[in-house]
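Undergrad: Curious how this folds, go ahead:
(chains A and B)
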Number of protein chains: 2
Amino acid sequence: MRIGIDLGGTNIKAGLVNDKLEIVKKMSIPTNADRPTSEIMHDMAKLAIDVVREAGYTMDDVESIGIGSPGTCDSKNGILVYANNIKFFNAPMRAEIQKYINKPVYIDNDANCAAYGEYLVLDKKPAVFAAVTLGTGIGGGVVIDGHVFRGFNGTAPELGHTTLDMNGEKCNCGRVGCFEKYASATALISQTKAAIEKNPDSILAKVAEKEGKVSGRTAFLAEREGCPICKAVADKYIEYLGIGLVNVINNFAPDVVCIGGGVCGEGARILDPVKAYCAEHIYCKYVEQTEVRIAKLGNDAGIIGAAMLDE
Amino acid sequence: MRIGIDLGGTNIKAGLVNDKLEIVKKMSIPTNADRPTSEIMHDMAKLAIDVVREAGYTMDDVESIGIGSPGTCDSKNGILVYANNIKFFNAPMRAEIQKYINKPVYIDNDANCAAYGEYLVLDKKPAVFAAVTLGTGIGGGVVIDGHVFRGFNGTAPELGHTTLDMNGEKCNCGRVGCFEKYASATALISQTKAAIEKNPDSILAKVAEKEGKVSGRTAFLAEREGCPICKAVADKYIEYLGIGLVNVINNFAPDVVCIGGGVCGEGARILDPVKAYCAEHIYCKYVEQTEVRIAKLGNDAGIIGAAMLDE
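TA: As a prediction, this is how the structure comes out:
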């Protein structure tokens, strides 16, 4: 058994993962990100201990602990170098956790962990695998020959921060027109809100009002209810997503690229046109093609991938 | 000793490369790309035999033959899958060359070979290395842990076909606004020509007239002669190049990315502002940074890299 910890800006989640890559027990506590980092790390260790006990096991049953963290990790030295949203800076994660639990501790970026989790549950392991998670931003991970690809300094791959439009919207990263400004869930929500504002009497506007909020799925929900303006919202979003995925495919040529995040709950409505876009726009058409898929694990990918880290 | 063959749309070049990665002898013949591919492959083998003889060696001194080709290669099976400019389609390159020379034959994309050559001549081998060649298009190659990274189907990485502007200029690849539409030598020549057209009485226009043509270096030459409009041409080009390189860095996090091609003969005039651009715009600033360098080998990189292929 292994412990996977998903450190987020809002919650810390810990899961006990068995050899079949199943989460046996999962627990969550608030991060309270404004606290001193040593307190947060103490709580992470405590949660790991709790989840093992609550599952009816002891630390003797646990092989290792893996942590998926936002930001930049130094996996080799077990350090969380920098995470903006939880104000960590060169936090000695491995050493701190090992103060409380005497086990190997591994750490990696949360998007890398999610990609690794999605990779591990595939029956046939691709030589090159990429995962793109459409959330608040866009997280990306690549697995090459079974190893999480981190680049030389642990920062790769920031798939969400590849340019789509160099004359486009400002991104938090300091660049302009990044993939995540157009194809994250946040971006889709903005695009949907803009359509509502322009069409206040549309079915879309009514659906949003009824739901009480706009999510990445609102436009698709309204489309199913017959809203004629939703196709344009969906088409444009799918084009953005397609452009970013073609960049990933042209750069990494993965056997499989999977997309995850709430909007992927739409299934074929997203997947089919995205696949068609990629097939039409990828650079090399005369070879076996990258398969675009929807992620299997969803929110659990990060915990499972983190738990299975071994380097 | 190993033979490296650089198959181009205009010429076939072959070089005999020694263990110090020096080209002992180099020869070139016209490709005459309109011929049947079997004739071209026959001439490649003949040139390889000639270069060994002319260098004063025999085939007993030769370990292997490597071929750098434009287009998409199936390195595993030794097949040139598709090359647009020389009309090859599923050409069994390895088998054909081995009809004439009984040695191991390896094949890879020319940009991959150039990257591998540039990688091999570095004293300290980077864990992740990227090379970007600014020529007619933009060729890119990545070496990871000593191996040329080709993706699952041999098509990676098409660094020149990552988007810079999704609303931008049409690219030959069928996409819009690719890196090479803005930062290849071809693009820089167009940008320079546009500046000349707008400023027919400029020093730039006179320099171009005197040179008899516009090259990627014309704007820099005219700048040194005091042309006041050249800074804008150079600045914009360097920004394009910087955006594309930041994409490479954000995706692959290489220890070193080197840039090559004629314009890099400008040295610090190109390199310093490009480095500054990358330092300012890369995603992760709190870790050891990718070093941007100018390629060492230039035109010989392809032959040397091809010669040293061993998989």
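Undergrad: Which helix or which strand is home to the residue in the stretch 51-200 of chain A positioned nearest to chain B?
TA: Nearest to chain B, among the residues of the stretch 51-200 of chain A, is residue A:151, at 2.2 Å (C-beta to the nearest C-beta). The C-beta positions use only the backbone N, C-alpha and C, and glycine is treated the same way. Following DSSP states H and E, one finds residue A:151 outside all helices and strands.
Undergrad: Tell me what the one residue sitting closest to the centre of chain A is bridged to.
TA: The centre of chain A sits closest to residue A:133, judged by C-alpha atoms, centre = their mean, with a distance of 3.9 Å. Beta-bridge pairing of residue A:133 under DSSP bridges involves residue A:139, residue A:260.
Undergrad: Number of residues surrounding the residue of the stretch 51-200 of chain A closest to chain B?
TA: Residues contacting residue A:151 under the criterion other C-beta atoms under 10 Å in any protein chain shown number 24.
Undergrad: Could I get the contacting residues of it?
TA: A:157, B:128, B:252-254 (C-beta atoms under 8 Å, 6 or more residues apart in numbering or on different chains).
Undergrad: list the contacts for residue A:295?
TA: Counted by C-beta under 8 Å, 6+ apart, residue A:295 has contacts A:114, A:118, A:131, A:133, A:258-261, A:264, A:301.
Undergrad: hang on, the earlier thing: can you tell me which of the contacts of residue A:151 are in helices?
TA: When DSSP state H defines the helices, the subset of the contacts of residue A:151 inside them is residue B:252.
Undergrad: Let me have the contacts of residue A:151 in TSV, extended by neighbour count.
TA: Converted to TSV, those look like this (neighbours: other C-beta atoms under 10 Å in any protein chain shown):
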residue	neighbour count
A:157	26
B:128	22
B:252	28
B:253	28
B:254	25
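Undergrad: Include distance to residue A:6 when you put the contacts of residue A:151 into TSV, please.
TA: TSV is the format used below for the contacts of residue A:151 (distance: C-beta to C-beta, whole Å):
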residue	distance to residue A:6
A:157	20
B:128	27
B:252	26
B:253	23
B:254	29
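Undergrad: Which one of the contacts of residue A:151 is nearest to residue A:78?
TA: Proximity of the contacts of residue A:151 to residue A:78 (C-beta to C-beta) peaks at residue B:253, which lies at 18.5 Å.
Undergrad: Please name the nearest non-neighbouring residue to the closest one.
TA: Of all residues not flanking residue B:253 in the chain, residue A:151 sits nearest, at 2.2 Å (C-beta to C-beta, 6 or more residues apart in numbering or on different chains).
Undergrad: quick one: the one you found from residue B:249, how far?
TA: 8 Å (C-beta to C-beta, to the nearest Å).
Undergrad: Could you do residue A:133 as well?
TA: From residue A:133 to residue B:249 the distance is 21 Å (C-beta to C-beta).
Undergrad: Same check on residue A:77?
TA: Applying C-beta to C-beta to residue A:77 and residue B:249 gives a distance of 21 Å.
Undergrad: Looking at those two, which has the bigger crowd around it?
TA: It is residue B:249, of residue A:77 and residue B:249, that has more neighbours when counted by other C-beta under 10 Å, with 26 against 14.
Undergrad: can you pull the pLDDT of residue A:83?
TA: pLDDT recorded at residue A:83 is 86.
Undergrad: Count residues in the vicinity of it, would you?
TA: Neighbours of residue A:83 (other C-beta under 10 Å): 22.
Undergrad: I figured it was touching residue A:67, is that so?
TA: No: using C-beta atoms under 8 Å, residue A:83 makes no contact with residue A:67, being 11.4 Å away.
Undergrad: Let me see the contact set for the closest residue to residue A:83 other than its chain neighbours.
TA: For residue A:83, ignoring the flanking residues on the chain, the nearest one in space by C-beta to C-beta, 6+ apart is residue A:71 at 3.0 Å. Residues near residue A:71 by C-beta under 8 Å, 6+ apart: A:80-86, A:88, A:109.
Undergrad: repeat for residue A:80
TA: A:69, A:71-74, A:88, A:90-91, A:93, A:107.
Undergrad: Counting neighbours, which of these comes out on top?
TA: Ranked by neighbours (other C-beta under 10 Å), those are led by residue A:73, which has 30 neighbours.
Undergrad: right, and that one touches residue A:109 too?
TA: Yes: using C-beta under 8 Å, residue A:73 and residue A:109 qualify as a contacting pair, with a distance of 5.3 Å.
Undergrad: Now do the shared contacts for those two.
TA: residue A:154.
Undergrad: Residue A:38 looks like it's in a helix, true?
TA: Yes: assessed by DSSP: H, G, I helix; E, B strand; the rest coil, residue A:38 belongs to a helix.
Undergrad: And it, how close does it get to chain B?
TA: 19 Å (C-beta to the nearest C-beta, to the nearest Å).
Undergrad: Quick check: pLDDT value at the residue nearest to residue B:253.
TA: So residue A:151 comes in at 96 (pLDDT).
Undergrad: State the three-state secondary structure for residue A:284.
TA: Applying three-state DSSP: residue A:284 is coil.
Undergrad: near chain B, which residues of the stretch 151-300 of chain A?
TA: Residues of the stretch 151-300 of chain A found near chain B (C-beta under 8 Å from any C-beta of the partner chain) are A:151-159, A:161-167, A:173-175, A:177, A:240, A:243, A:246-247, A:250-255, A:280-281, A:283-284, A:286-290.
Undergrad: if we go to 7 Å?
TA: A:151-159, A:161-167, A:173-175, A:243, A:246-247, A:250-255, A:281, A:283-284, A:286-288 (C-beta under 7 Å from any C-beta of the partner chain).
Undergrad: what about burial for these, which qualify?
TA: A:151-159, A:161-166, A:173, A:175, A:243, A:246-247, A:250-255, A:281, A:283-284, A:287 (16 or more other C-beta atoms under 10 Å in any protein chain shown).
Undergrad: Pop out the phi and psi values for residue A:204.
TA: Backbone geometry at residue A:204, expressed as degrees, to the nearest 10, gives phi -60, psi -50.
Undergrad: In which helix or strand does the residue nearest to it when sequence neighbours are not counted reside?
TA: For residue A:204, ignoring the flanking residues on the chain, the nearest one in space by C-beta to C-beta, 6+ apart is residue A:222 at 4.0 Å. Residue A:222 is part of helix A:218-224, with elements assigned from DSSP H and E.
Undergrad: Please convert the contacts of residue A:71 to CSV, extending it with secondary structure.
TA: Below are the contacts of residue A:71 laid out as CSV (three-state DSSP):
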residue, secondary structure
A:80, strand
A:81, strand
A:82, strand
A:83, strand
A:84, coil
A:85, coil
A:86, coil
A:88, strand
A:109, strand
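Undergrad: residue boundaries of the helices in chain A?
TA: Using DSSP H, helices in chain A cover A:37-54, A:93-100, A:110-120, A:180-183, A:185-198, A:203-211, A:218-224, A:230-252, A:268-281, A:301-307.
Undergrad: So residue A:118 sits against residue A:301, correct?
TA: Yes: judged on C-beta atoms under 7 Å, residue A:118 makes contact with residue A:301 at a distance of 5.1 Å.
Undergrad: on that earlier part again, which one of the contacts of residue A:151 is nearest to residue A:99?
TA: Nearest member of those to residue A:99, counting by C-beta to C-beta, is residue B:253, at 30.3 Å.
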